[in-house]
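>>> 3D, please:
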Amino acid sequence: MADPATERTLWKACTSLRKFWATYAACALLVLVQPAVYVWGLPVQVGFTFLGIAGAAVLACWINSKKRTYVLTDQRIIGFTGLLARERVEIELSDIRQMTLKQGLLQRVLGAGDIEIESAGGSEVELRLEWVAAPNDVMETVRNARLTSPRVPPPFPAASIHPGT
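Numbering: from 1, shown residues only. Okay, the predicted model is just below:
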């Protein structure tokens, strides 16, 4: 088994900020309205309110993107969920059996996608990397890491399979 002290991080990411494109578009609209607020003679507080709303929305999107963090090392892939209370899902690279890329039309346009990872331990998706940027590159990185990772030896020696022994 590989030494955890020598484990190297190959890739690390959070949920892509591309997921929040509609919020950014709305915030840009609020900022672009600023000159009109002064031209129409509205109170300065209205302009500051628009800027405050836009700033709060961008901050909320950034915080939301940090709720999911993914780490790929040369031995395992780890998914963290949550900001204050954290959940950790860990899959050894040698246990990965299938990876599936799911992209809706909007995700394809924005260059993002969801990667579902199934392991030998079960038949369901154990880890879902949501709204990952450049998902095809990520899948290739995981695949290359699997091919170069040290294989974990079986927990017991293989028994002889000969009748009568």
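
>>> Using CSV, list the CA coordinates for the lowest-mean-pLDDT helix or strand in the chain.
Lowest by mean pLDDT, DSSP states H and E among the helices and strands of the chain is helix 34-39, with a mean of 83. What follows is helix 34-39, C-alpha atoms only, in CSV (Å, rounded to 0.1, in the frame of the first residue of the first chain):
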residue,chain,number,x,y,z
GLN,A,34,-26.5,52.9,-11.7
PRO,A,35,-26.1,55.8,-14.2
ALA,A,36,-29.8,55.8,-14.9
VAL,A,37,-30.5,56.2,-11.2
TYR,A,38,-28.7,59.5,-11.2
VAL,A,39,-30.1,60.6,-14.5
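
>>> Check which helices and strands that helix sits against.
helix 44-65 (3 or more CB pairs under 8 Å, 6 or more residues apart in numbering; DSSP states H and E). All C-beta spots, glycine's among them, are computed from the backbone N, C-alpha and C.

>>> residue ranges of the strands in this structure, please?
9-14, 68-73, 76-81, 87-92, 96-102, 112-119, 127-133 (DSSP state E).

>>> Could you tell me how far the fifth one lies from the centre of the chain?
Relative to its chain's centre, strand 96-102 lies at 14 Å (CA atoms, centre = their mean, to the nearest Å).
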